[in-house]
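J.: Have a look at this fold, sequence not included:
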DNA sequence: CTCGACTCCTGTTAGC
DNA sequence: TGCTAACAGGAGTCGA
């Protein structure tokens, strides 16, 4: 599913839509419009305008409009962005291999005949004009050691829950979080504030390395753990069955050998 | 503050 | 073989 890494790819893809005049919209799926966003507000903000910048905070893609508005796109679990018919990410975990235009929930048409569309089979994403950004935590690409330390030391919740809390760290999803904790040899259930300075540093190093590595490899699904995150899956390091359980309601896999305590 | 339980959604898959 | 029920997870809400 799209996590921060995929959305960063989407952002790069969306840059192809910069500086092109918007002539029309398709925003028929009202369920997909979040907050106060309505088709008429979108028309007013976008028609005759241009997108001037593509930004990203965590899993939220932000497109600045030349009238001062900001178009926020969320992709949920199965959403992708398609600019002029091509998608920055073709393969998406848990999404359909098929590519059905009926799943287009939002379309921007440009005066040159091209388009930018959000294709989302399960409709867990959404479009929001001028989204509230104040609740987003440190972005996964720019978080510092001090910031991570602050996030972890200020709560006794499970370390995994803390890392996935978008108001603390923005951009980590379930798969990336399992991958990072697996690499760092940390039990996802451990209280966040139980990690000492050295453990936090090790976690931070694996965090940064995982993000940069999977960004160059092409997505969250390229992680070492990913293929083994299934019932009966084996730890790629020890060859023993991974544990499967819930943390904060999310399916979690970890190795009982090197991620204990 | 923190937790679980619930909601939304729908394509895929496990299991009878 | 064919059906149904559970599952996947991002994000929000709600009550304990």
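T.: Right, received. Where do you want to start? Keep in mind that what you see is a predicted model, and the values were worked out from it rather than measured.

J.: Neighbours of the residue of chain A at minimum distance from DNA strand C, how many?
T.: DNA strand C sits closest to residue A:173 of chain A, with a gap of 2.8 Å, by Cβ to the nearest atom of the strand. All C-beta atoms are positioned from the backbone trio N, CA, C, and that covers glycine. Residue A:173 has 24 neighbours, counted by other Cβ atoms under 10 Å.

J.: what does the one 10 residues further on give?
T.: For residue A:183, the number of neighbouring residues by other Cβ under 10 Å comes to 22.

J.: Name the nearest residue to it, ignoring sequence neighbours.
T.: In space, and not counting its chain neighbours, residue A:183 is closest to residue A:206: 4.4 Å by Cβ to Cβ, 6 or more residues apart in numbering.

J.: wait, isn't that neighbour in contact with residue A:177?
T.: No - with contact defined as Cβ atoms under 8 Å, residue A:206 does not reach residue A:177; the gap is 11.5 Å.

J.: near DNA strand B, which residues of the stretch 151-261 of chain A?
T.: A:155-158, A:161, A:248-249 (Cβ under 7 Å from any atom of the strand).

J.: Please identify which two of these are farthest apart in space.
T.: A:156 and A:249 (17.8 Å; Cβ to Cβ).

J.: more crowded one of the two?
T.: residue A:156 (12 against 7).

J.: wait, doesn't the more buried one sit right on residue A:191?
T.: Yes - in this structure, residue A:156 is within contact of residue A:191 by Cβ under 8 Å, at 4.3 Å.

J.: ok, back up a step: adding distance to DNA strand C, write the residues of the stretch 151-261 of chain A next to DNA strand B out as CSV.
T.: Listed next are those as CSV, based on distance: Cβ to the nearest atom of the strand, whole Å:
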residue, distance to DNA strand C
A:155, 15
A:156, 15
A:157, 13
A:158, 14
A:161, 11
A:248, 9
A:249, 7
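
J.: Quick one, which of these are buried?
T.: A:157-158, A:161 (16 or more other Cβ atoms under 10 Å).
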